[in-house]
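[1] Turn this into a model:
(one chain, ligands or ions: 1)
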Amino acid sequence: MCGIFGCIEESSKAKKILIKCLNGLKKLEYRGYDSAGIASIENGRILQYKTTGKVHSLDKNIINTKDLSLAIGHTRWATHGAISEKNAHPHTDTSKSLSLVHNGIIENYKELQYELKQNGIHCISDTDSEVLTQLIAYYFKGNMIKALQTALDKIEGSFAIALIHKDFPDTIFASSRDAPLVIGKSKNTIQLSSDVHAFSGKTMKATFLADNEIASITHKEITVYNEEGKKKEKEDSVLHIDPKQHSKGPYPHFMLKEIFEQKINFSKSVDTFLTNDNLHHEIRPILETNTDQILIIACGSSYHAGLIVSSMIEELLSIPTQVRIASELRYQSPALTKNTLAIAISQSGETCDTLGAVKNIKNKKLPVFAICNVKGSTLTRIADHTLYIDAGPEISVCSTKAFSAQLTLLQLLVLHLTKDNLKKNIILSNLTSVKHALDYLLSHTAKIEKLAKKYSLYEKFFFIGRDVMYPTAMEASLKLKEITYLMSIAYPAGEMKHGPIALIDSKLVTIALCGNEKTLGKITSNLIEIKSRNGPILAFCPKGSKEIEEIADDTFFLPNNLDDFFSPLIYSIALQLFAYFVAIEKKTDIDQPRNLAKSVTVE
Ligand code: F6R
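    From the prediction side, this is the model:
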């Protein structure tokens, strides 16, 4: 978690560098927003401002600062130590010579803290990051690259760091291991960021730091050293950044903007997939080389996308498929055949648990295929092949368009690879119905808003579904709890009678996702059982489901001509809207819900 941003300009021309740094940080807030801080060097002294809460709380501090030539900043998602100013970054050493921002976890920080203490150095915060700061200062004897090499060599864990030292007023030092850090260069500025989208330039040359590399950055040049301290030539890539993608446009929240973007993204994915031969040439050999087992690895919403698509893989490709939560899989020993193909799904490509599980799989010499949104992210660099979902930057912490784009891409991939041409052609010819269903849904949001108003008065929710509607219910339940803080659980509808039905009473709402034609009759019976126990029911079901309409307290009808495999897409979007409108009623911070961060780079 946490976002790092830095910028540096020629001192005679530099203007409002602190404001520029804060603007970069604001674009990284999705990575954490518990506290924020910024540092610079003024007249040979370290200057630092810190605050709890979001980056904008720093605005008032920097209005009167003079033009400085460099700045580093941080937006924090608390891991070690409470949310407080003391624990906010940047951290400084005892002599206040250097200032450091850190993203990641120093696993052996307790040991290092003890060693520092033995040498008379006491940390004042509760963070692992201050230990690293003090350690670097301890090893600094005039050569910062050497100090960094020695300190970082002692570190176990992950880090992306940026630091400044009062003796080097024109330099930002940076390094990373298992955490993203990219340096962008344009005509007048060099910037440093956890994510390319925070860069202010429209076109920038980017240098991605690899593990353990150390960079020394001045306004003129970027010098990169390997872990032995030898200079290293790095290739730049050219980045084109669209500033519009970072604005809400006419929408009150990024989440709503991103919900609406799904319609255009779906059409784009379908068109690209059906016409892009290169893509097919790349994928086909991977799946056709004796793959006898598929292992899908992911977390959160990406895991739900994997679950939904797994039944389609088994039905249309006849390949046994297991979907595993990355944080669990990391510490398990799955029985895998030597022809297992691992598919890692991640919007950010930086989720620590997913990366950890993928590394284990790579150690077993099995191929890993990534489905990712963020270009150049760590996952895409360690996977053997990557398919990008091209959903555009997802700013809202709560995933919507990335989830649906993952689902769509994987489903189209399965359709492309299936030998069941009859089924394939039926589904393909049905894709237009999916587009129409999206049109219908996005033009009927007022009804969902009304239902959300009514049900926002309740405090407990069950989301139920059968077959692919069960993982869809899991995703819907996650959306609701994430942005409204209401208690919700997802259950397979048929399992209710094995225990959970004991919870049903007039205060617990059941939200039924009835989009699976195959099991429509079955879920109808489950709803009757819930109704008989006075449980309020809101059903999302296909138009014409008369019986469900009679049983449920409220119904939201969706088109009834959807293929069972594609219903999860439409029903998920309907439930994203439901969660969104409940959150509006609850007045929560929709784009940045409490306790969360967009990419989870810690375990
Ligand atoms: C939920 C959500 C999270 C992410 C999860 C995995 O709305 O956003 O559950 O899906 O943290 O993140 P990625 O896909 O970046 O690996």
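
[2] Give me the below-cutoff pLDDT ranges for the stretch 1-150 of the chain.
    63-65 (pLDDT under 70).

[3] Quick check: chain neighbours aside, which residue is closest to the residue of it found nearest the ligand?
    Using CB to the nearest ligand atom, the closest approach of the stretch 1-150 of the chain to the ligand is made by Y30 at 9.9 Å. Heads up, the C-betas are built off the backbone N, CA and C, glycines and all. In space, and not counting its chain neighbours, Y30 is closest to K598: 3.7 Å by CB to CB, 6 or more residues apart in numbering.

[4] The one you found reaches R31, doesn't it?
    Yes - using CB atoms under 8 Å, K598 is in contact with R31, at 5.6 Å.

[5] hang on, A305 packs against T408?
    No - here A305 does not reach T408: they are 9.2 Å apart, not a contact under CB under 8 Å.

[6] Looking at these two, which one has more neighbours?
    Neighbours per residue (other CB atoms under 10 Å) separate A305 from T408, with A305 holding more: 33 against 26.

[7] rewinding a little: for the residue of the stretch 1-150 of the chain closest to the ligand, give me its contacts.
    Contacts for Y30 (CB atoms under 8 Å, 6 or more residues apart in numbering) come out as 3, 395-397, 591-592, 597-599.

[8] again, but for N108
    By CB under 8 Å, 6+ apart, the neighbours of N108 are 154-157.

[9] Roughly how far does L431 sit from the ligand?
    The gap separating L431 from the ligand is 25 Å, by CB to the nearest ligand atom, to the nearest Å.

[10] again but with I222, I slipped
    Distance from I222 to the ligand, by CB to the nearest ligand atom: 28 Å.

[11] oh, and call the first residue 41 from now on, that's how I've got it
    Yep, numbering from 41; the last one is I262 now.

[12] Can you tell me who that residue pairs with across the strands?
    I257 (DSSP bridges).

[13] burial of it, as a residue count?
    21.

[14] ok so, going back, phi first, then psi, for the residue of the stretch 41-190 of the chain closest to the ligand.
    Y70 adopts backbone torsions of phi -60, psi -20, taken as degrees, to the nearest 10.

[15] Please apply the same query to the one 10 residues further on.
    S80 adopts backbone torsions of phi -150, psi -170, taken as degrees, to the nearest 10.

[16] Which ones among the contacts of Y70 also lie next to the ligand?
    For the ligand, the contacts drawn from the contacts of Y70 by CB under 6 Å from any ligand atom are S639.

[17] Close to the ligand: what parts of this structure are there?
    339-342, 386-388, 391, 394, 438-439, 518, 522, 639-640.

[18] at 5 Å what do you get?
    339-342, 386-388, 391, 438-439, 640 (CB under 5 Å from any ligand atom).

[19] With secondary structure added, can I get those residues in TSV?
    Shown next, in TSV, are these (DSSP: H, G, I helix; E, B strand; the rest coil):
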residue	secondary structure
C339	coil
G340	helix
S341	helix
S342	helix
S386	strand
Q387	coil
S388	coil
T391	coil
C438	coil
S439	coil
V640	coil
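
[20] And the residues you listed, which is closest to the ligand?
    For these, the nearest to the ligand is G340 (1.9 Å; CB to the nearest ligand atom).

[21] Tally up the residues packed near the closest one, please.
    22.

[22] What residues of stretch 118-133 count as buried?
    If you call a residue buried by 16 or more other CB atoms under 10 Å, then stretch 118-133 has these buried ones: 118-121, 127-133.

[23] err, stretch 221-229, not the other one
    For stretch 221-229, by 16+ other CB under 10 Å, it's 221-225, 229.

[24] Output the top helix by length along the chain as PDB, nothing but the C-alphas.
    Looking across the chain with DSSP state H, the single longest helix is helix 294-315. Taking Å, rounded to 0.1, in the frame of the first residue of the first chain, the C-alpha atoms of helix 294-315 are listed here in PDB:
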ATOM      1  CA  PHE A 294     -15.300   7.800  -9.800                       C
ATOM      2  CA  MET A 295     -17.200   4.700  -8.900                       C
ATOM      3  CA  LEU A 296     -20.300   5.900 -10.800                       C
ATOM      4  CA  LYS A 297     -18.200   7.000 -13.800                       C
ATOM      5  CA  GLU A 298     -16.500   3.600 -13.800                       C
ATOM      6  CA  ILE A 299     -19.800   1.700 -13.600                       C
ATOM      7  CA  PHE A 300     -21.000   3.600 -16.700                       C
ATOM      8  CA  GLU A 301     -17.700   3.000 -18.500                       C
ATOM      9  CA  GLN A 302     -18.400  -0.700 -18.500                       C
ATOM     10  CA  LYS A 303     -20.800  -0.500 -21.400                       C
ATOM     11  CA  ILE A 304     -18.200   1.000 -23.700                       C
ATOM     12  CA  ASN A 305     -15.500  -1.300 -22.300                       C
ATOM     13  CA  PHE A 306     -17.600  -4.400 -23.000                       C
ATOM     14  CA  SER A 307     -18.100  -3.400 -26.600                       C
ATOM     15  CA  LYS A 308     -14.400  -2.600 -27.000                       C
ATOM     16  CA  SER A 309     -13.300  -5.900 -25.500                       C
ATOM     17  CA  VAL A 310     -15.700  -7.900 -27.800                       C
ATOM     18  CA  ASP A 311     -14.600  -6.000 -30.900                       C
ATOM     19  CA  THR A 312     -10.900  -6.200 -30.100                       C
ATOM     20  CA  PHE A 313     -11.100  -9.900 -29.200                       C
ATOM     21  CA  LEU A 314     -13.100 -10.900 -32.300                       C
ATOM     22  CA  THR A 315     -10.800  -9.000 -34.700                       C
END
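
[25] Quick one: list the elements packing against it.
    Judged by 3 or more CB pairs under 8 Å, 6 or more residues apart in numbering; DSSP states H and E, helix 294-315 is in contact with helix 441-457, helix 471-482, helix 607-626.

[26] Quick one: these as JSON lines, columns for mean pLDDT and distance to V508 too.
    As requested, the helices and strands packed on helix 294-315 are exported to JSON lines (pLDDT from 0 to 100; distance: least, CB to CB, whole Å):
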{"stretch": "helix 441-457", "mean pLDDT": "93", "distance to V508": "10"}
{"stretch": "helix 471-482", "mean pLDDT": "94", "distance to V508": "14"}
{"stretch": "helix 607-626", "mean pLDDT": "98", "distance to V508": "5"}
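
[27] between those helices, which one is nearest to V363?
    Taking CB to CB, helix 441-457 is the member of these nearest to V363, at 11.1 Å.

[28] Just give me how far the closest one sits from the chain centre.
    18 Å (CA atoms, centre = their mean, to the nearest Å).

[29] Could you list the alpha-carbon positions for that helix in CSV?
    The C-alpha coordinates for helix 441-457 follow below in CSV (Å, rounded to 0.1, in the frame of the first residue of the first chain):
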residue,chain,number,x,y,z
LYS,A,441,-15.0,-1.9,-14.4
ALA,A,442,-11.8,-3.9,-13.8
PHE,A,443,-13.8,-6.8,-12.5
SER,A,444,-16.2,-6.9,-15.5
ALA,A,445,-13.3,-6.5,-17.9
GLN,A,446,-11.5,-9.4,-16.4
LEU,A,447,-14.6,-11.5,-16.6
THR,A,448,-15.3,-10.5,-20.2
LEU,A,449,-11.8,-11.1,-21.4
LEU,A,450,-11.6,-14.5,-19.8
GLN,A,451,-15.0,-15.5,-21.1
LEU,A,452,-14.1,-14.4,-24.6
LEU,A,453,-10.9,-16.4,-24.3
VAL,A,454,-12.8,-19.5,-23.4
LEU,A,455,-15.2,-19.0,-26.3
HIS,A,456,-12.2,-18.6,-28.6
LEU,A,457,-10.7,-21.8,-27.5
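
[30] Buried residues in it, which are they?
    Under 16+ other CB under 10 Å, the buried positions of helix 441-457 are 441-457.
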